[in-house]
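> Next one to model:
(chains A and B)
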Amino acid sequence: MAFRKLDIRKAIATALLFVVGLTFLLPFLWMVSTSFKPEADVFKYPIEWIPKQWQAAQNYKEVWMGKFPLYLYYWNSIKVTVLTTLCSVLFSCMAAYAFAKIDFKGRDAAFLIVLATYMIPSQAILVPQFIIYRELKLFDTHIGLVLLNSFSVLGTFLLRQFFLASTRSIWRRPKWTAPGTSASFHGCDPAGAACHRHLRHSALYLDMERLPESAYLPALGASADAAARHPQVRGRVRRILFSDHGRLGHRDRAAAHRFHNRAEAGH
Amino acid sequence: MQTQPDSPSVPSRARPRFNKQRIFENLYGYAFIAPMMIGVSIMTLLPILASFFLSFTEWNFLHGFKQIEFIGMRNFERLLADDVFWKSMKNNIVFMLVVPATLALSLMLAIIINKYVYFKDMFKVIYFMPYISSIIAVAMVWQVLFHPSFGPVNHMLMSLGVDNPPKWIADVNFALPSIMMIMIWVSIGYNLIIYIAGLQAIPAELYEAAEMDGAKPWQKFRSITLPMLSPTTFFLLITGLIGTFKVFDIIQVLTGGGPANSTSVVVFHLYETAFVHLKMGYASTMALVLFFTIFIITLIQWYGQRKWVNY
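As a prediction, this is how the structure comes out:
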């Protein structure tokens, strides 16, 4: 009886959350509906959720088989995203582990420096970043795009917090603890070689289910933000999926192009 | 600063240990953070330092390096008299309210989704959708919802008997709260996912033990869920607050800073200065001031964590 009562409450909660969740789907539905329309009807008001004029076949044909075929953009996106995610998870894991579990000199200062680099808005460092990229010959290359998002401050911070929080009970398992000093165990007591064994066997294993969370941060960044934000992304063939209808307005892209053309001409 | 979360009672430097071990542990630490530090230094730290240098200059970057002109503190003097900048800064401070509201709502949703509904994974996807949707789509949808005379929001308000509902995004007094609501709505999905991950890491034994002692649901929430989630909350709070200071694209797309600068934020003003008016030096000055504002706010939280974050 109790079981059935619980069921009904759960069903009501599910229904309620679903109704609320519908509003969260609206932007996505708008994108779907827009993809079926001719260009002229896109910003019509009120929104034609079901297009009066259909242009679905033509739109999709042009995207997939037109002058700039999307499969190439897709392939590039996948390549850059996968590589970025691999690099970023590896670097973030290593750094987060050190920040959480290894007791080295200057640890907190180093962490604050890493965190500080997250505090500057990307628009403010766009030009110096662009110049550095050009000097390093990373401009307009895939590897440059991968490197741009391979050092995820967010991922490092997130994993650090998880390492600090979740592993505390398991890390104190007796076999890793010097006799009679269970309280003093922290991080990698048998210093040196044991560190990476800890990381491999316990931390990563325990946090395996949480790795995806830190993995999709850079993945998202790689596919959406970087491409749209950075003038480094250029060239028709190498352009990445999102750069064309990216997250920024046309003015930003115009400025970036203007800047880039001048910069190119200057050299 | 907490040096060792696991045993706060034993100061790390006082521990007797071989010098060699100490050195090895340091080396291991540096080796582990090296890739991150090197990458971050080249990609971000170097440009930041360049930007700090530029804040003492006047430079139109389209004219190349030779045109950089050192003007000392003049940019800072100009900044003090820049009304739009200070209005933007004030707006940014108000924007900080978005974070606690988002955290509370996301935590509530995370608990409900984690335990009290069917199709958990479907809900994770649904609520995450705005975060990965194009900002143009988000802006379109909210322009419609908030439309002064035809929008569903005002329709509902009028049917509830509100005679003069606000004009929302077009209203000087309501534009900022409207944008804040949209920002909360967009970031719920992300916070929710991180919170659910944190919730799943709480050992079930804790709740079982509490139940045996006869703890009520609210007590369990107060004494187990909240403290166990505090490292996650700390992460979301710090990164969320930094994020509100960096908000840009939603403003750019939805209001362009208007009406009457009521939704202008520092990064938007900075962007206009750098890429529309082409004053890179002055824009760097703004970046410098913004950076130190964020840094101080983060530092306060960093030292404050001892009081409430449970490692």
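
> List the buried residues for stretch A:87-94?
A:87-89, A:91-94 (16 or more other CB atoms under 10 Å in any protein chain shown). C-beta: built from backbone N, CA, C; applies to glycine.

> TSV for those, including pLDDT and distance to chain B?
Converted to TSV, those look like this (pLDDT from 0 to 100; distance: CB to the nearest CB, whole Å):
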residue	pLDDT	distance to chain B
A:C87	91	9
A:S88	89	10
A:V89	88	12
A:F91	93	5
A:S92	91	7
A:C93	90	9
A:M94	92	5
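
> between the residues you listed, which is nearest B:L97?
B:L97 has its nearest neighbour among those in A:S92, at 29.9 Å by CB to CB.

> which SSE is the closest one in?
helix A:70-101 (DSSP states H and E).

> C-terminal to that helix, what's the next element?
helix A:107-116.

> what about the residue in the stretch 51-200 of chain A positioned nearest to chain B, distance to A:Y97?
Nearest to chain B in the stretch 51-200 of chain A, going by CB to the nearest CB, is A:F104, at a distance of 2.7 Å. When distance is defined by CB to CB, to the nearest Å, A:F104 is 12 Å away from A:Y97.

> These two: which is more packed in?
The neighbour comparison of A:F104 against A:Y97 (other CB atoms under 10 Å in any protein chain shown) goes to A:Y97, with 28 against 22.

> Hmm, the more buried one is touching A:T156, no?
No. Counting by CB atoms under 8 Å, A:Y97 does not reach A:T156; the two are 9.7 Å apart.

> Tell me the confidence at residue 49?
Here I'm looking at chain A. The model reports A:W49 with a pLDDT of 81.

> Hmm, no, I was thinking of chain B.
pLDDT for B:L49: 93.

> Ok, B:M37 next?
On the pLDDT scale, B:M37 gets 95.

> Just the buried positions in the helix holding A:S92, please.
Under 16+ other CB under 10 Å, the buried positions of helix A:70-101 are A:70, A:73, A:76-77, A:80-81, A:83-85, A:87-89, A:91-101.

> Count the residues that sit near B:A210.
With other CB under 10 Å as criterion, B:A210 counts 16.

> For the nearest residue to B:F221 once chain neighbours are set aside, what is the enclosing helix or strand?
Leaving aside its chain neighbours, B:F221 sits nearest to B:I111 (7.8 Å; criterion: CB to CB, 6 or more residues apart in numbering or on different chains). Secondary structure from DSSP H and E places B:I111 in helix B:98-115.

> Toward the C-terminus, what is the element adjacent to that helix?
Heading C-terminal from helix B:98-115 (DSSP H and E), you reach helix B:120-132.

> quick one on the thing from earlier: pLDDT score assigned to the residue nearest to the residue of the stretch 51-200 of chain A closest to chain B when sequence neighbours are not counted?
With CB to CB, 6+ apart as the criterion, A:F104 has its nearest non-adjacent residue at 2.7 Å, and that residue is B:G29. At B:G29, the model reports a pLDDT of 92.

> which SSE is B:G29 in?
With DSSP H and E as the criterion, B:G29 is inside helix B:19-40.

> Quick check: which element contains B:Q301?
helix B:280-308.

> Just confirm yes or no for that helix near chain A.
Yes. Interface with chain A: helix B:280-308 contributes B:280, B:283-284, B:286-287, B:290-291, B:294-295, B:298-299, B:302 (CB under 8 Å from any CB of the partner chain).

> low pLDDT regions in the chain?
Looking at chain A here, since you left the chain open. A:1-6, A:45, A:166-267 (pLDDT under 70).

> looking at chain B here, not the other one
B:1-18.

> The residue in it that chain A sits nearest to: how many residues sit nearby?
Closest to chain A within chain B is B:G29: 2.7 Å, counting by CB to the nearest CB. Counted by other CB under 10 Å, the residues lying close to B:G29 total 25.

> so who does it touch?
A:98, A:102-105, A:107 (CB atoms under 8 Å, 6 or more residues apart in numbering or on different chains).

> And the contacts of stretch B:76-84?
B:55, B:85, B:261, B:264, B:269, B:282, B:285-286, B:289.

> Now do the helices in chain A.
All helices of chain A, identified by DSSP state H, fall at A:2-34, A:56-65, A:70-101, A:107-116, A:122-135, A:142-148, A:153-166, A:168-171, A:194-198, A:204-206, A:211-220, A:227-229, A:250-266.
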